[in-house]
Each structure stands twice: as C-alpha cells, then as structure tokens.
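Build me a model:
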Amino acid sequence: MFGVFGTAIETDILETKDTRALVRVQKEDVPKLRSALITYTPSLVMFGLEDVAAAISATGMSQSEDSGSVLDRIPSKPSTHLRLITFNINGVRTVFHYHPWTRLRSLSGMFGALHADIITLQELKVGRKDVDATVAKIDGYHSFISVPQVKKGYAGVGVYVRIPNENETESVKKSLKVVKAEEGITGILTSHDTKIPYKESDNAIGGYPEVDDQVATNIDSEGRCVVIELAINTVVISVYCPANSMGTEEGEEFRVQFLIALLARVRNLKRMGKEVILMGDINIARDLIDRADAMADLFKARELRRATQEKFEEANKEQVLAFIWQSIPRRLLNDILMDSLIQRDGGLERVLIDTTRKIQGRRQGMYTVWNTMTNSRPGNFGSRIDLILATEDFAGRTRNADIWPFLMGSDHCPVFSDFEVTDIEGPLPDVPLPRLEAKFAYKFSTTGTLDSMFAAARKRPSSEPASDSPASSPATAPYVKKPKTAPALNKAPVKPMKKSSSLNSTRSVLSFFKKPVQKKTIAVPESPSEQIYVPFDDIPHPTPPSPSSSSQPVATVSVVNGRFALSGEEVPKCKHGNPCILKTARTDDNKGKKFWTCAKDKGEVRSEADRAKYSCGFFQWR
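The predicted structure follows:
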C-alpha cells in the first residue's frame with residue numbers, strides 16, 4: 001500500500017492513531033506525496049487509514065510549489081479544441097493574494113495561463129459599484145457579469161469569452177461568437193438590449209420555465225446565473241447554485257425552487273433543438289464517491305464493504321443508490337443526467353452528461369472543494385460539486401476533462417473540459433455584441449487597477465453612504481461636500497429593503513437627499529463640521545468659504561442629468577438636442593481639464609434608431 005509513496009527513510013517519522021500504520025517520509029518526497037495523495041486518499045479511507053492521510057498532510061504538503069512548475073501542469077490544447085473552465089473563485093478581490101496568481105496579478109494573466117476559451121467564475125463577491133476594469137475589461141475577452149441586486153459582497157457570476165485572432169479557423173471563430181446574453185434563469189430580469197424582461201423580448205434565447213413572478217424575482221435577484229448563446233446553436237449556462245449552508249427550511253425551499261427552474265430551462269432549450277452546456281458550482285455531490293465525509297461516516301459505521309475503486313460501487317450498490325435518494329436536490333440533478341446510476345422512472349427527460357466522468361470514468365478523489373476550517377485540502381478530503389455538463393451531441397465532442405486541485409486561491413479548484421470543434425461549419429453571423437457585455441452594462445473606469453479596489457476601502461470615510469448605482473464613481477474619484485441637513489440624515493438608520501418584485505436598480509445616493517427632478521439647486525454649507533463626504537465623479541470644486549464666517553453668502557451648484565455645474569453656467573446641448581454632461585479629462589496632456597459631452601452611453605451605431613439611442617459624439621471644452 002505505502003509503496004505508492006516511495007521508500008521509507010529514517011527521517012520525519014509520522015505516527016498515526018491507527019496502530020496498523022507507521023509511515024516514514026523524507027522531506028524531499030513531500031511534493032510527490034501531495035500528488036499521490038490526491039489520487040489515493042479514497043483508498044486510504046476505504047481501508048480505514050484516514051489518519052494516515054491526515055498525518056501525511058501535516059508534514060507540510062500544503063506548501064506552495066514554484067509558480068512556474070504549478071502552471072506548467074496545465075495541459076496545452078490543440079488549436080481546434082474549445083476549452084471551457086469553471087472556477088468558484090471565492091472573491092475576485094482576494095484570489096490574487098494566493099499562489100500562483102500573485103505573479104500574474106490579473107484575470108487576463110490567469111485566463112491566458114489556463115488556455116481558457118470560455119471561463120465562468122462564481123462568487124465574484126462584488127457589488128454593482130465594484131465592477132471596474134479589473135473585473136470587467138479583460139484583455140482579449142468579452143465579459144458578461146451578473147451581480148446581486150440585494151445582497152452586497154455576495155455571489156456574483158461572470159462569463160468570459162475569448163476574442164479569437166484573425167488567423168484562427170472559422171470553426172473556432174464561430175464557436176466563440178456570442179450572439180445573445182442574459183442575466184438569470186427565468187427571463188424576469190430586464191434586458192439590456194430592449195429594456196423589457198428577457199422573456200418578452202423578440203431577441204430572447206428562450207426556454208424559460210413557468211415560474212411565479214415573485215419566485216422568479218427571488219431566484220434571479222442574487223446574481224447567480226449568466227446565460228449566453230453561441231453562434232453554433234449552443235447555450236452556455238453559468239450558474240452558482242444555492243447551498244442552504246444554514247440548513248433552514250426556507251433555504252432548502254429556495255434551493256429546490258432554483259434547481260427546478262434551472263433544470264426545466266435546460267430541458268426546454270434542448271426541446272428547442274439547442275445544445276446546452278451547464279457549468280459552474282452546482283453545490284451538489286451527485287454520487288457517494290463525490291463526498292469524502294459521507295464515505296468516511298459509512299465506513300466508520302461499518303455499512304460499506306472494502307473494495308477496489310473499480311468494484312466499490314458494485315460492491316456497495318444499496319448504499320450508493322440510497323445516497324442519491326436521500327436528498328431532493330441530489331435526486332433532481334441525477335434525474336437530468338444520462339449517466340446517472342439510478343434508473344429512469346419515466347416522466348422527466350435526461351439530457352445532460354457529466355463531461356469529467358465521461359473522460360475520467362468512476363475515478364475517486366476528484367474533489368473540487370474542501371473545508372478550509374479543517375485544512376482538509378492537503379489530505380484531499382472534500383466534495384465534487386463543480387461540474388461541466390453537456391447535452392449528448394456536444395458531450396460527444398469532449399476530448400479531455402479533469403480537475404486542477406493544485407491551483408490555489410480559493411476553497412474550490414478549477415474544472416476544465418476540452419471540446420473538438422473542427423467540423424463546425426457555416427458562415428459567421430454578423431450580429432452586434434449583446435448589451436449585457438460589461439462595457440455596456442456597467443459604467444466603470446478603464447484606468448482602474450486591482451490595487452485601487454483595496455485602496456478604496458482604506459480611503460472611504462465610515463460615514464459614506466453606500467450606493468450600487470451603475471454611475472457610481474471609481475475608487476479614485478474626488479469627493480464632493482454635501483450638507484448634512486437633510487431630514488433623512490437625522491433619523492434612525494434605514495433598515496435594508498426586503499425582496500420585492502420590483503426589478504429597478506438601487507437608487508443612487510443623490511435620490512435619498514432630493515426629489516427626482518431634472519434640475520435643482522443645492523446649498524453648499526460653510527462649516528466643515530456640518531459636511532459629509534459623498535464620492536461623485538467629475539465635480540467642480542469651488543473654494544470653500546471660511547468656516548468662521550456664518551454670514552457669508554452660500555455658494556451653489558446645479559444638478560443637471562445627475563451631474564454638477566456651477567449655478568448660472570450655460571449648459572450646451574448635444575446633437576440630440578439634450579443638455580450635455582460635464583466630465584474631466586484623464587489623458588496626460590489634458591488631465592483635470594473639464595469638457596462637455598453627450599449624456600448618452602457609447603455604443604455601436606448600426607441604424608438610425610441606434611443614433612438616437614447612443615452617444616452622438618458631441619465634445620466641447622469648458
């Protein structure tokens with residue numbers, strides 16, 4: 001058994017609680033042990049030697065390898081293969097504090113090192129105002145992001161699709177062409193293209209489940225799903241399924257509702273004749289061999305027979321099937337899997353195949369998440385809940401698939417699948433980029449850096465009101481002084497809003513201090529003690545009056561289209577005939593200089609309707 005780990009040396013003796021085992025390991029062999037343990041921990045558990053695995057872990061197997069050697073373990077792929085990766089990143093702000101990402105320092109560097117064509121990230125843990133260039137403007141990739149509408153610093157998913165080079169094959173270009181993109185599962189959210197619910201749009205992806213509007217709103221308001229359709233008649237669903245970690249009835253009900261809606265949409269899309277790829281953190285271990293703790297408990301209870309990996313499930317068929325049946329979410333997942341161990345009992349169609357299992361078979365120990373509180377990763381004592389599932393025809397294109405447990409930065413590890421796309425034919429459709437693409441859906445500074453995300457938290461005063469407005473300024477924006485005399489500031493703190501069917505975005509900070517009128521004059525108080533600080537981009541800063549002079553006249557500024565201008569100043573109109581907004585130049589030559597420009601968002605102008613919809617390009621120095 002222990003020959004797997006190398007020869008015994010007279011140093012670093014590891015004694016376990018199990019008197020049957022005494023392992024001697026040389027320090028230089030620890031890296032080899034780490035790799036071997038990932039494969040053989042299930043066997044150690046199976047033979048009642050889980051303490052051996054724990055003892056080996058204690059020798060320092062969690063120490064990082066050289067970043068080069070770690071990334072060298074990422075397999076290359078032929079140019080005709082499409083690589084899909086899912087990774088629960090557990091916070092895009094923190095992943096770059098960990099090896100091997102400390103050297104790369106950007107998502108573009110990470111994606112390049114992984115040879116990613118389409119990569120989906122879960123648990124971005126950013127609010128709408130935190131979506132900046134470091135998260136959404138990734139060199140060489142289109143970004144499609146959904147963040148929670150209610151909870152802050154929670155959930156959030158992103159789909160990043162590589163922009164192919166000119167010299168790549170037409171089949172690859174077509175496979176990477178995004179023709180439609182949506183937030184959520186149910187179609188209840190408002191489309192960034194049409195400004196109406198996705199399910200009511202003529203350009204909808206389709207296949208929406210029949211769900212009560214209130215339930216649909218609850219399901220889609222937490223930033224858990226992005227759906228994109230590729231030009232190859234394939235829909236990719238990136239999802240972060242709820243886990244009900246608190247074990248509440250309400251949490252379990254939401255979890256089941258989410259899964260029913262998700263899987264119904266997969267089946268509906270398949271009926272429409274589309275191929276479907278469902279990938280992400282499903283938060284369900286589909287089989288007994290996908291849960292180390294469940295296996296260990298059953299072994300300790302003497303309810304499992306000892307057997308080799310190849311014969312384990314056959315030798316323990318009753319317990320293997322009982323594990324699937326004991327959980328409603330697990331049963332729901334197995335009911336859509338064509339390769340499930342439970343027999344189909346009629347009714348629901350089985351349309352998905354687990355691409356990792358297709359390549360790796362019934363291999364044990366392929367865990368993708370570990371409990372960080374118990375340091376269970378070095379001993380590979382975890383669960384397999386991150387999956388890439390595909391409908392039968394597309395799954396047939398799978399050429400390679402595996403997990404990458406040696407890549408740190410999260411309590412999860414990445415999972416990848418490579419698909420052959422050589423034979424895909426047909427012209428490349430000429431359609432505009434969907435408006436869910438981050439450069440349209442979010443307004444962010446293109447000059448931000450990863451470090452600015454942390455600098456903002458250090459610089460922001462504790463009294464600063466929070467805002468999830470898409471027009472919030474970047475972390476480096478100047479501050480404007482604002483009166484603390486509004487009635488709302490003298491009342492008790494406002495309680496968080498409960499979930500409602502309304503899908504309107506959160507109001508900006510200004511809306512809490514004024515009525516929603518087009519233009520209003522605001523007094524700037526003179527005493528610093530009567531002022532709070534609100535970040536607001538591109539605001540002129542008149543010299544403040546002396547704090548000791550209470551009789552001096554009050555300076556005023558005007559709010560025009562959500563922007564400030566000096567009172568009495570004439571605001572020019574753009575080519576649309578609308579009042580312009582005032583911005584600040586950020587280029588080196590004119591940095592800090594003010595200019596007037598069209599208030600509408602920039603966009604691709606392909607028709608006369610687009611000319612009225614997007615910026616006219618008006619520009620005038622102030």
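
any idea how far residue 428 is from residue 118?
Using C-beta to C-beta, to the nearest Å, residue 428 is found at 17 Å from residue 118. All C-beta spots, glycine's among them, are computed from the backbone N, C-alpha and C.

neighbour count winner among the two?
residue 118 (26 against 12; other C-beta atoms under 10 Å).

do you know how far that one is from residue 87?
12 Å.

Over to residue 212?
Using C-beta to C-beta, residue 212 is found at 33 Å from residue 87.

Pretty sure residue 156 sits against residue 223.
Yes. Taking contacts as C-beta atoms under 8 Å, residue 156 lies within contact range of residue 223: 4.6 Å.

what touches both of these two?
Residues within reach of residue 156 and of residue 223 at once, by C-beta atoms under 8 Å, 6 or more residues apart in numbering, are 124, 146, 147, 148, 240.

mind listing which of these are in helices?
Under the assignment DSSP state H, the shared contacts of residue 156 and residue 223 contribute nothing to helices.

Could you let me know which of those ends up closest to residue 613?
residue 146 (22.7 Å; C-beta to C-beta).

Quick check: beta-bridge partners of the closest one?
According to DSSP bridges, the residues that bridge with residue 146 are residue 157.

phi, psi of residue 325?
Residue 325 adopts backbone torsions of phi -70, psi -20, taken as degrees, to the nearest 10.

give the contact list for it.
Residue 325 neighbours (C-beta under 8 Å, 6+ apart): 331, 342.

and what of residue 160?
107, 111, 116, 118, 119, 120, 121, 138, 141, 142, 143, 144.

which intervals of the stretch 51-200 of the chain have sub-threshold pLDDT?
51-68 (pLDDT under 70).

so where do the helices sit in it?
Assigned by DSSP state H, counting those that start in this stretch, the stretch 51-200 of the chain shows helices spanning 67-71, 101-104, 107-113, 133-136, 170-175.

looking at those helices, which is buried most?
The highest average neighbour count among the helices of the stretch 51-200 of the chain, using mean count of other C-beta atoms under 10 Å, belongs to helix 133-136 at a mean of 23.

counting contacts, what elements does that helix pack onto?
Counting contacts by 3 or more C-beta pairs under 8 Å, 6 or more residues apart in numbering; DSSP states H and E, helix 133-136 is packed against strand 141-146, helix 438-441, helix 450-459.

Show me what the shortest one is packed up against.
In other words, helix 438-441. Partner elements for helix 438-441 (3+ C-beta pairs under 8 Å, 6+ apart): helix 133-136, strand 141-146.

buried ones in stretch 432-446?
For stretch 432-446, a neighbour-count test (16 or more other C-beta atoms under 10 Å) marks 433-445 as buried.

In a markdown table: these, plus distance to residue 360.
Formatted as a markdown table, the buried residues of stretch 432-446 follow (distance: C-beta to C-beta, whole Å):
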| residue | distance to residue 360 |
| --- | --- |
| 433 | 36 |
| 434 | 34 |
| 435 | 39 |
| 436 | 34 |
| 437 | 34 |
| 438 | 34 |
| 439 | 38 |
| 440 | 39 |
| 441 | 37 |
| 442 | 38 |
| 443 | 43 |
| 444 | 39 |
| 445 | 43 |
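
give me the element residue 388 is part of.
strand 386-391 (DSSP states H and E).

What is the nearest of the buried residues of stretch 432-446 to residue 196?
residue 435 (12.4 Å).

before we move on, what SS does the closest one have?
Taking DSSP: H, G, I helix; E, B strand; the rest coil as the rule, one finds residue 435 in the coil state.

What is the least confident helix or strand in this protein?
strand 531-535 (a mean of 30; mean pLDDT, DSSP states H and E).

For the lengthiest helix in the chain, the averaged confidence score.
Determined from DSSP H, the single longest helix within the chain is helix 249-271. The average pLDDT for helix 249-271 rounds to 97.

Kindly report the same for stretch 401-421.
Mean predicted confidence for stretch 401-421 is 98.

First-to-last residue distance for that stretch?
Taking C-alpha to C-alpha, to the nearest Å, stretch 401-421 runs 15 Å from one end to the other.

So which bits of it are buried?
Residues of stretch 401-421 classed as buried by neighbour count (16+ other C-beta under 10 Å): 401-421.

who's in contact with residue 277?
Taking C-beta under 8 Å, 6+ apart, we find residue 277 in contact with 84, 234, 235, 236, 237, 388, 389, 390, 391, 394.

Which parts of the protein belong to which domain?
2-57, 67-440 (automatic domain parsing).

Show me where the stretch 151-300 of the chain has its strands.
In the stretch 151-300 of the chain, the strands defined using DSSP state E, counting those that start in this stretch lie at 157-162, 178-183, 225-230, 234-240, 275-281.

Also the stretch 351-500 of the chain?
With DSSP E, counting those that start in this stretch, the ranges of strands along the stretch 351-500 of the chain come out as 352-354, 369-370, 382-383, 386-391, 398-403, 415-420, 479-483.

Compile the ones you listed into CSV and extend it with columns for distance to residue 273.
Formatted as CSV, these follow (distance: least, C-beta to C-beta, whole Å):
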stretch, distance to residue 273
strand 352-354, 16
strand 369-370, 34
strand 382-383, 35
strand 386-391, 11
strand 398-403, 21
strand 415-420, 19
strand 479-483, 54
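
nearest to residue 133, of those?
Of these, nearest to residue 133 by C-beta to C-beta is strand 479-483, at 21.1 Å.

so who does the residue nearest to residue 208 when sequence neighbours are not counted touch?
Nearest non-adjacent residue to residue 208, counting by C-beta to C-beta, 6 or more residues apart in numbering: residue 187, 3.9 Å away. By C-beta under 8 Å, 6+ apart, the residues touching residue 187 are 197, 198, 199, 200, 204, 208, 216.

quick revisit: I'd like the shared contacts of residue 156 and residue 223 laid out as CSV, including neighbour count and distance to residue 373.
Output for the shared contacts of residue 156 and residue 223, formatted as CSV (neighbours: other C-beta atoms under 10 Å; distance: C-beta to C-beta, whole Å):
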residue, neighbour count, distance to residue 373
124, 28, 22
146, 28, 29
147, 27, 27
148, 20, 24
240, 26, 21
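
Can you name the two of those residues that sit furthest apart?
Taking C-beta to C-beta, no two of the shared contacts of residue 156 and residue 223 sit farther apart than 147 and 240, at 11.4 Å.

Need the residues touching each of those two.
155, 156, 223.

I'd like the distance between residue 99 and residue 407.
9 Å.

Hmm, I typed the wrong one, I wanted residue 321.
Using C-beta to C-beta, residue 321 is found at 33 Å from residue 407.

ditto for residue 419
As for residue 419, its distance to residue 407 is 21 Å (criterion: C-beta to C-beta).

Distance check, the closest residue to residue 71 other than its chain neighbours against residue 107.
Ranked by C-beta to C-beta, 6+ apart and with sequence neighbours excluded, the top spatial neighbour of residue 71 is residue 113, at 5.0 Å. Noted for residue 113: a distance of 11 Å to residue 107, by C-beta to C-beta.
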